[in-house]
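Student: How does the following fold in three dimensions:
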Amino acid sequence: MKKSLVALAALAVAGVASAQSSVTLFGVVDASISGYSNTARDNRATVFPNAFGIPTYLNQGSVKTSRRELSNSNYNSSRLGFRGTEDLGGGLAASFWLEAPISNDDGSQGVATFARRSTVSLSGGFGELRLGRDYTATFWNDTVFDPFGTNGVGTNLIFSASNAIGAFGTPAASTGVFSNTGTSNYVRASNVVGYFLPPNLGGFYGQVQYGFAEKTKYDSGIFTPNVANSQRQGRYVGGRFGYANGPLDVALAYGSSTVGDDYYAGTTTKVNTLNLGASYDFGPVKLFGELSRVKNKIDYEVTPLAGGRPDIDVTGYLLGATVPVGAGLIRASWSHVKYDQNLPNNPFALNTPDPKANKIALGYVHNLSKRTALYATIARVSNKNGAGLTVGGPAFYNNAAGAFTPKSSTGYDFGIRHAF
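Tutor: Residues are numbered from 1 along each chain as shown. As a prediction, the model looks like this:
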């Protein structure tokens, strides 16, 4: 149960909280014992000494990298936050939301940044205008329609693969001394102006967002510094619209994140995401599904004669289910992703097949109360054709010769979550 702490907030936010109608302190502390095992294999054939001049080679078999650890945020993300609302009258309300990530397993991350969310809003019959750092519209479908909520070893492959190709180029957008606010726009974006539809539209809901890059422009352009990612990186534009009524929830989202640019080369790198998610609660079982297409592309002011770098596409599918059992909940999912590197087909050579991966996950949550739960999750990823996705933990092994290919990744989480 959330605790209203007006007096505490007044001390923490001097002179401000006194104007609030309500202020709430909230949080989650989630810890688990987790294990990961990732196997890479040498696919090259052994070549014995021969009379044909073919270099000899001894297949090196497989190498497993594994780790056990006490980790956090594998059922719900650990956090500490403050939120408040002031009734302005006439149906208007002002509100704020400040939410910080915490690493309760080792204490290395606390309330140093409100990187999870830091927004101020004005809402009324027109909807809500929200300013600050917030979740992106396109991330919501990945997490809402995943039985595991993109937490822990059960996280679906759509999120894992898309988040990886959505990272900012180097050097990344300026983040000051902290690194948890500016490596990607896939989950959250900073400097966002967002608008949310009012909740009284018969089940229809939606939002649009624009995130500023906050880069310095030069007039004339010849004075622009010759530094990569200094002009457009960090910008985000997105929207999500859906319908929720009774047991049905369905939503379509699209977003475009500028992850890199080079002013003098005339290039802008974007990651465009389109996804459709849905769930239906039959009572004894709730089903989930998502379709996703993510494209990493480079726009050229002048297209190179060779055609430039091909786009990289990631197509993903997710099917999942939850089954309530007494005080518990069984969770299961299957996800699949396929990379299309759009390489030209050579009829006179052996073309490399596109990388792809499958994942299955199974878990159980036992609620000890409304705020406290025990959970267990196991998951396995099978990679093919060079895909290198894991359930977490250490990276796949490879040597300087690049002889090893990622194969399988397995993992587990056994933990406890307490919310307040």
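
Student: Check which element follows the helix or strand bottoming out on mean pLDDT in the chain along the chain.
Tutor: Across the helices and strands of the chain, mean pLDDT, DSSP states H and E gives its lowest value to helix 6-12, namely a mean of 39. Next helix or strand after helix 6-12 toward the C-terminus (DSSP states H and E): strand 22-42.

Student: need the helices for the stretch 251-400 of the chain, in chain order.
Tutor: Along the stretch 251-400 of the chain, counting by DSSP state H, counting those that start in this stretch, no stretch forms helices.

Student: now the strands: where do they sit in it?
Tutor: 267-281, 286-300, 312-325, 328-340, 356-367, 372-384 (DSSP state E, counting those that start in this stretch).

Student: go on, the stretch 51-200 of the chain?
Tutor: 62-72, 79-89, 92-101, 117-124, 127-135, 188-196.

Student: Ser118 versus Val208, what's the distance?
Tutor: Distance of Val208 to Ser118, given as Cβ to Cβ, to the nearest Å: 19 Å. From N, CA and C alone the C-beta is placed, and that goes for glycine too.

Student: These two: which is more packed in?
Tutor: Ser118 (20 against 15; other Cβ atoms under 10 Å).

Student: hey, what's Asn239 bridged with?
Tutor: Careful, residue 239 is Gly and not Asn. Val208, Tyr254 (DSSP bridges).

Student: Which stretch among the strands of the stretch 51-200 of the chain approaches Tyr254 most closely?
Tutor: strand 188-196 (14.1 Å; Cβ to Cβ).

Student: quick one: contacts of stretch 284-292?
Tutor: Identification of contacts with stretch 284-292 by Cβ atoms under 8 Å, 6 or more residues apart in numbering yields 141-142, 145-147, 156, 158, 162, 247, 273-280, 314-324, 333.

Student: Distance-wise, check the residue in the chain sticking out farthest from the centre relative to Asn59.
Tutor: For the chain, the C-alpha farthest from the mean C-alpha position belongs to Ala51; by Cα atoms, centre = their mean, that distance is 53.7 Å. Taking Cβ to Cβ as the measure, Ala51 falls 21 Å from Asn59.

Student: Same question for Tyr339.
Tutor: Note on Tyr339: its distance to Asn59, by Cβ to Cβ, is 26 Å.

Student: what's the closest non-adjacent residue to Glu301?
Tutor: Gly266 (3.4 Å; Cβ to Cβ, 6 or more residues apart in numbering).

Student: Pretty sure Tyr300 is one of the things that neighbour touches, is it not?
Tutor: Yes - using Cβ atoms under 8 Å as the test, Gly266 is close enough to Tyr300 to be in contact (6.1 Å).

Student: residue ranges with poor pLDDT in the chain?
Tutor: Low-confidence segments of the chain (pLDDT under 70): 1-20, 171-180.

Student: go again using 50 as the cut-off
Tutor: 1-19, 174-177 (pLDDT under 50).

Student: and stretch 36-47, how far apart are its ends?
Tutor: Length of stretch 36-47, first residue to last, Cα to Cα, to the nearest Å: 33 Å.

Student: contacts for that stretch?
Tutor: 54-68, 153, 390-398, 403-411.

Student: could you flag which of these are buried?
Tutor: Among the contacts of stretch 36-47, those classed as buried by 16 or more other Cβ atoms under 10 Å are 65, 153, 390-393, 396, 404-411.

Student: Going by distance to Asn104, which of the residues you listed wins?
Tutor: Closest approach to Asn104 among those (Cβ to Cβ): Gly392, at 17.2 Å.

Student: contacting residues around that closest one?
Tutor: Ser34, Tyr36, Gly152, Val153, Gly411.

Student: before we move on, what about Ala251?
Tutor: Taking Cβ under 8 Å, 6+ apart, one finds Trp140, Asn141, Val144, Tyr205, Arg240, Phe241, Gly242, Tyr243, Leu276, Gly277, Ala278 in contact with Ala251.

Student: Report the two of those residues separated the most.
Tutor: Tyr205 and Leu276 (15.0 Å).

Student: Quick check on the closest residue in space to Pro310 that isn't next to it in sequence: phi, psi?
Tutor: Spatially, and ignoring its direct neighbours in sequence, Pro310 is nearest to Asn342 (3.8 Å; Cβ to Cβ, 6+ apart). Torsion angles at Asn342 (phi, psi; degrees, to the nearest 10) stand at phi 50, psi 40.

Student: I'd say Asn342 and Arg309 touch.
Tutor: No - in this structure Asn342 lies outside contact range of Arg309 using Cβ under 8 Å: 9.3 Å.

Student: ok, the closest residue to Asn74 other than its chain neighbours - contacts?
Tutor: Spatial nearest neighbour of Asn74, chain neighbours left out: Gly152 (3.3 Å); criterion: Cβ to Cβ, 6+ apart. Gly152 makes contact with Ser32, Ser34, Ser73, Asn74, Tyr75, Thr377, Gly392, Asp413, according to Cβ under 8 Å, 6+ apart.

Student: let's see 6 Å
Tutor: Counting by Cβ atoms under 6 Å, 6 or more residues apart in numbering, Gly152 touches Asn74, Thr377, Asp413.

Student: and if you look at Asn76?
Tutor: Val28, Asp30, Arg417.

Student: What residues does the closest residue to it other than its chain neighbours make contact with?
Tutor: Among residues not flanking Asn76 along the chain, Val28 sits closest, at 4.8 Å (Cβ to Cβ, 6+ apart). Shown in contact with Val28 (Cβ under 6 Å, 6+ apart): Asn76, Ser78, Arg79, Ala419.

Student: mind putting those residues in CSV, distance to Tyr254 included?
Tutor: Listed next are the contacts of Val28 as CSV, based on distance: Cβ to Cβ, whole Å:
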residue, distance to Tyr254
Asn76, 27
Ser78, 31
Arg79, 28
Ala419, 32
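
Student: quick one: which of those is most hemmed in?
Tutor: Each of the contacts of Val28 was scored for neighbours by other Cβ under 10 Å, and Ser78 scores highest at 24 neighbours.

Student: which residues sit in contact with that one?
Tutor: Residues counted as contacts of Ser78 (Cβ under 6 Å, 6+ apart) are Val28, Val29, Asp30, Asn72, Ile102, Asn104.

Student: Could you say which helix or strand holds the residue nearest to the third one when sequence neighbours are not counted?
Tutor: Read it as Asp30. Among residues not flanking Asp30 along the chain, Arg417 sits closest, at 4.3 Å (Cβ to Cβ, 6+ apart). Assigned by DSSP H and E, Arg417 belongs to strand 404-419.
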